[in-house]
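K.L.:
have a look at this prediction, sequence included:
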Amino acid sequence: MTQSEKKRRESIAAFIKRVDGLSDSERSILKKNGGRLLKDADAAALMAFYKALGDIDKSIPKDRMFPIACMRCMWDREIEQENAIPFAVAMGQYFPSKRREKFSTEGGEENEENSSMERRMIKLLDLRWDADGILCLNVWRIAKMLKNEGKVINMVILGDDFWIWNAESKKVQCRWAEEYYRANKEEEKNAD
């Protein structure tokens, strides 16, 4: 990890700790604004977000951290972020188990379901972070689905990924694809 990555993650971790320190009502307000961009948030969510943001690193991209704050509020405060898994790994673990579940209960076509999940991942990786909020909404929906399945997403890593999402190198997208397929293969191997 480079020095700049370390600094970014430390800033995000400090921010998440402050989100965890918000009152239950403030966390509930942020959770209700999940899937929205900062520019589309209601006034109560803005107040809670800026309270959590405080005087943390001024270079932190507020528009990218707002969805992180909202998503973090889906999980209990007590959940340890260091033990949580990256978003792409959670997707890689979730989709094969759902595919097997569907295949065994409905006699579904395994390859068709697999290609559907891959298309969803490809579509997500093709999106840019911009003012339309589609990437934010898609990640929110998937995070909500993963949370309902008992997965805990590492918001520090996801925040760092959002921070540099539009980088020319597509570093985040490459890592997500790699993590997704590695977790997918491991999950399939564990099921055998």
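P.N.:
Cool, the structure landed. Numbering: from 1, shown residues only.

K.L.:
which residues touch K32?
P.N.:
Counting by C-beta atoms under 8 Å, 6 or more residues apart in numbering, K32 touches A45. In this view, the C-beta of every residue, glycine as well, is placed from N, C-alpha and C.

K.L.:
distance of it from V89?
P.N.:
According to C-beta to C-beta, to the nearest Å, K32 stands 27 Å off from V89.

K.L.:
S11 touches D57, doesn't it?
P.N.:
Yes: using C-beta atoms under 8 Å, S11 makes contact with D57 at a distance of 3.9 Å.

K.L.:
neighbour count: those two, which is higher?
P.N.:
A count of neighbours by other C-beta atoms under 10 Å puts S11 above the other of S11 and D57, at 20 against 13.

K.L.:
tell me the secondary structure for that one?
P.N.:
Classification of S11 by DSSP: H, G, I helix; E, B strand; the rest coil places it in helix.

K.L.:
state the helix or strand in which Y180 lies.
P.N.:
Assigned by DSSP states H and E, Y180 falls within helix 171-191.

K.L.:
for the protein, give me the ranges with low pLDDT.
P.N.:
Where the chain drops to pLDDT under 70, the residues are 95-117, 191-192.

K.L.:
which stretches in it count as helices?
P.N.:
3-20, 24-32, 43-53, 62-72, 87-106, 110-126, 134-148, 155-163, 171-191 (DSSP state H).
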